[in-house]
Every structure is written in structure tokens, then in C-alpha cells.
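>>> Whatever this is, show me its structure:
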Amino acid sequence: MIKFRLSGVRALLPLLFVASLLGLSGCDPIGNGAGPVRLVVNSPDGTVDAASGRVFQCLRTGVSATLIFDDGGAADFTQRVRWTSSNPEVLRVSNGDEPLPSPAVGVYPPGVLTPVAPGTTTITANFSGFSDSIVITVGTPSRIFVQAKNPQTNIAADIPDGMARIAPTSVINLDVQAILDGATVNVDAAAVWSFVTPNTAVAAINPTSGVIVGVAPGEPLIARASFASCEFTAETTISVSQISSISLVAPAALATDPLIVGNSLPFTVLANFVDGGPPQDISIQAVYLSSNLGIAAFNPLPGITNLLIGLTPGGPISLSATFTSGGTATTPGTVFTTTEPIQVSTVVDTLTGISMAPTAVTLPAGSNLITPLVVTGTYASGRTQEVTRRTLFTSDNAAIANVSNNTQTAGQVVSGGPIVGTATITATVTNLIDPPGTAPFTATAAFTTTASTPTP
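Residues are numbered from 1 along each chain as shown. Coordinates of the predicted model:
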């Protein structure tokens, strides 16, 4: 059973959301003359009046308390009860007295759990003669490991051979995952990043986000993710190397078909290094050039400049990219340019239908994992082409699964708080050619969150 939340105040928001749902009347029923009849404790995964729950070392989480009244009303009493743990050496519970991790100043609110060691303890809430308890088991992550986020999709992937090469002035965004009872869970919000042996002449790391900026070639650095509430760490090696060349890679769909007007597809720029090894994806840092901005142009917004948008039919046009490596405020860097421009044409076509994949996803509640949805359009010519970025996405239950309509992350679904249930994601695409009033095309996907551990 996966029942946990990440450390930090922002990671407690889903818990507070659940608590707000439990305050059914929207106000304190005591003021309405109703009498309390029962106090119940709710588990970290949001199960009301739970008998047991499970949390993990390194990952702070929280329980909540609900006071039930004789008129059927209920109110969140998490911050009004007195919390105790039968075994604080296994699990501590805050009464507004658990300090935030240094160097932050302040305390965690009542009900926040700090796992200390593997074992079992009973967490009890008391209020004015009423009490309720929950048995909490503290488990240990079987593995904590570092990945790197893809700059186009923001989705984490393994780092080949445990070493990432980056260029001077380029960036890489590290991410950390944990295996909890066989399920992979994103725990990035709980991590603090650092270099084991810092060297700002080679690279700098942001302690909160895990973003590393290359400065100049030098000895490899070890980037470490650590956690405020445990001694577990995860590491990877970062090497800053000189670029030998850069290359522009077109999306696979444009190898055989033109870009359909109204669609946008991502291009990739790779930095190749003088010492060999895997290239670095520098797509969001490159500058893109189109030989005819009236036919197709790259998105001008920072972070999504690699999206080519079809504007009018025509072509072929030439596409290229540049990247500046190194340099300082007073010294210019080296400008690299792709040597072989890519030729692209654009056409007008009529959308006849859409499909979305995947259509069904099951995730542990509160896993914070990103699932990208891809919407594909079918056209009158028989062509198929991705239309994700011109799709309107909606979720009928954002507390379970929230979906992005941001241009860079369009279609990405993030599992919400510790609530168990199913959310339906709907994709809607309007044909750009049809006259006003024409019905749009729709497709759906079901996202289910569960408290039981899925098969790894």
C-alpha cells in the first residue's frame, strides 16, 4: 500500500485539499448548535476513518482528523486536536512544533508525519474527550535514483552509464525517483541538491530545483540528492565538455509528410562533444531560423522555441539552428551552427477525426508521475499528424488527475493528491478549415489512482 506525501509545505497542499473536502458545511458546525458525536482520523492517502496506513522514510506526509456531529455534519479538526505517537523513534507527528528543515525557519502544521525508522506506531488524535487512532507502518524505499528531465517534455529518463555530459552555458535538470513497495514514485520535491565537491569554475547547481549550469571543462563533479528527514542519498556524475558541433533533428512525422497548416511539431538540437560520448539535448537553449517566416516559423516564447508552426501552405523552406557555448559578460562565446539545413513544406488539409493515447492509465495515488497524452489527427488526404498542441484538454476531477494546456507541456497529466478514484481526461480539437458551428472532434482517456501497489 502506498500512502505518503513529499516533504515541504507545497507537498502538503493535497492533504489540506482533502481536509477541505471533509469540512462539508464550509464552517464550524459547533456554531450552529450541533453536538459532536465522534472523532475520526484519516490516513495519509485520504481514506476516511482509516484503521491503518503506510509511509516511507525520507518522505514527510500527513494525517488529518474529522469531527462528526449529530446533525450529520463534519468539520476538519486537524489543527485543533492533540496528536501523539506511541513510538516517536519510528514516526513523529507534529502539533505545530516540528521544525522545518534547516535553513528554513518555522514549523510544520499539526498532523504532519516525519518518518524516522522502519517500524510500526499508533498515531492518536484527542479532542475534548473524543479520540481516534490509526496504526502507521514506516517502510524503507528499496531504491532512490537520479534521472534527467527531457527539455522538450519535462519527463525524466535514465542517465546513460550514470554520467551526463553538458556544454559550457548549457543546462541539465536533474530529477529523483524512488521505488516504494515496487512502484516508481517521483520524490523530487523532497530532495535537496548539491555537489559532493563543489567547483563553481566547472558548474553550478540549484539546491531546490536540481538545475545544473555548465561553466567550463574540468574534473567531473558528483551531483547528490539528499533528504532532510533521512540519511539516504542518490548521485550521478556531471562532466562539462567542449562542443565539437551541433545537429538539427526533425520530428519523424516530417520525414515523409509536409507540416499541416495549424499544427506545430518539436525539433531537436543535439550538442556533440570533442571527447565523444552521448550528445546533449540543447533544444530549449538553441536559436532557430526559418528561411520564410510567412510559411512556417518557430515559436518565439522562451522554453518552447523548438516548435515549428505551419502558417500558410508553401515551401520547401530551409530550417537551421545556432547555439552559443561558453563566454562571459565581457567575453563572447563560441557560436555553433547546424551545417545541413532541413527542408520542410506545408499544406492545408481537412481534419476528419482524432485519437488519443494512452486511453487508460493506473497510478498509485499521490505518485506525482507525469503521463504524456498524445493526440493524433486523421486528415482527408489520409495523412496522420500529431495535434496535441492545438488540443483543449479538460479533467472532470483535477484532484485525481490534472492535465496541462500549456504549449510546452500540453497533454501532460500529473496524478493529484492522495485521493483514490478515476478521472476522465477529454481532448477536444476543432477543425481549422470547417465553417463556424461545425462540431469539434473529441477523445477520452481514463486515469485511475489506487492505494494498492501496481505490479512493477
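>>> Any regions of the stretch 301-450 of the chain where pLDDT drops low?
416-418, 434-437 (pLDDT under 70).
>>> now do the stretch 1-150 of the chain
1-33.
>>> what are the ranges of the strands in it?
Using DSSP state E, counting those that start in this stretch, the strands of the stretch 1-150 of the chain run over 36-42, 52-56, 61-62, 64-69, 74-76, 82-85, 91-93, 98-99, 107-108, 112-115, 119-127, 130-139, 143-149.
>>> Tabulate these (JSON lines), appending distance to Ser209.
Any C-beta I mention is one placed from the backbone N, CA and C, and that applies to glycine too. Shown next, in JSON lines, are the strands of the stretch 1-150 of the chain (distance: least, CB to CB, whole Å):
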{"stretch": "strand 36-42", "distance to Ser209": "32"}
{"stretch": "strand 52-56", "distance to Ser209": "23"}
{"stretch": "strand 61-62", "distance to Ser209": "22"}
{"stretch": "strand 64-69", "distance to Ser209": "29"}
{"stretch": "strand 74-76", "distance to Ser209": "32"}
{"stretch": "strand 82-85", "distance to Ser209": "32"}
{"stretch": "strand 91-93", "distance to Ser209": "28"}
{"stretch": "strand 98-99", "distance to Ser209": "23"}
{"stretch": "strand 107-108", "distance to Ser209": "22"}
{"stretch": "strand 112-115", "distance to Ser209": "23"}
{"stretch": "strand 119-127", "distance to Ser209": "32"}
{"stretch": "strand 130-139", "distance to Ser209": "27"}
{"stretch": "strand 143-149", "distance to Ser209": "10"}
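>>> which of those strands is buried the deepest?
When you average the neighbours per residue for each of the strands of the stretch 1-150 of the chain (mean count of other CB atoms under 10 Å), strand 61-62 leads with a mean of 28.
>>> Strand partners (parallel or antiparallel) of that strand?
strand 112-115 (antiparallel) (DSSP bridges).
>>> pretty sure Ala201 is touching Gly214, no?
No. Ala201 lies out of contact with Gly214 (CB atoms under 8 Å); the separation is 11.0 Å.
>>> Neighbour count: these two, which is higher?
Neighbours around Ala201 and Gly214, counted as other CB atoms under 10 Å, are more numerous at Gly214. The numbers are 24 against 11.
>>> State the distance from the residue nearest to Gly35 when sequence neighbours are not counted to Thr208.
Nearest non-adjacent residue to Gly35, counting by CB to CB, 6 or more residues apart in numbering: Asp70, 4.9 Å away. Using CB to CB, to the nearest Å, Asp70 is found at 47 Å from Thr208.
>>> if we can go back for a sec, which stretch among the strands of the stretch 1-150 of the chain approaches Leu265 most closely?
strand 143-149 (20.2 Å; CB to CB).
>>> Check the offset of whichever helix or strand comes after the closest one from the chain's centre.
For strand 143-149, the following helix or strand on the C-terminal side (DSSP states H and E) is strand 156-157. Strand 156-157 has its C-alpha centroid displaced from the chain centroid by 11 Å (CA atoms, centre = their mean, to the nearest Å).
>>> Contacts for the helix or strand following strand 156-157, please.
The helix or strand immediately downstream of strand 156-157 is strand 163-166, counting by DSSP H and E. Strand 163-166 is contacted from outside by 148, 172, 203, 212, 214, 220, 236-241, 273, 275, 277-278, 280, using CB atoms under 8 Å, 6 or more residues apart in numbering.
>>> Can you point out the buried residues in strand 163-166?
Ala164, Arg165, Ile166 (16 or more other CB atoms under 10 Å).
>>> cool, and stretch 192-200?
Trp193, Ser194, Phe195.
>>> before we move on, what about stretch 149-166?
Here stretch 149-166 shows Lys149, Asn150, Pro151, Gln152, Asn154, Ala156, Ile159, Ala164, Arg165, Ile166 as buried, counting by 16+ other CB under 10 Å.
>>> same check, this time on stretch 405-415
Thr407, Gln408, Thr409, Ala410, Gly411, Gln412, Val413, Val414, Ser415.
>>> Now do the contacts for the last one.
If I follow you right, that is Ser415. Leu363, Pro364, Ala365, Gly366, Ser367, Asn368, Leu369, Thr371, Ile400, Ala401, Phe447, Thr449 are the contacts of Ser415 under CB under 8 Å, 6+ apart.
>>> ok, the first one touching Leu369?
Yes. Applying CB under 8 Å, one finds Leu363 in contact with Leu369, separated by 5.8 Å.
>>> the more surrounded of the two?
Leu363 (23 against 18).
>>> Distance of that one relative to Thr61?
Going from Leu363 to Thr61 by CB to CB gives 17 Å.
>>> Also Val269?
41 Å.
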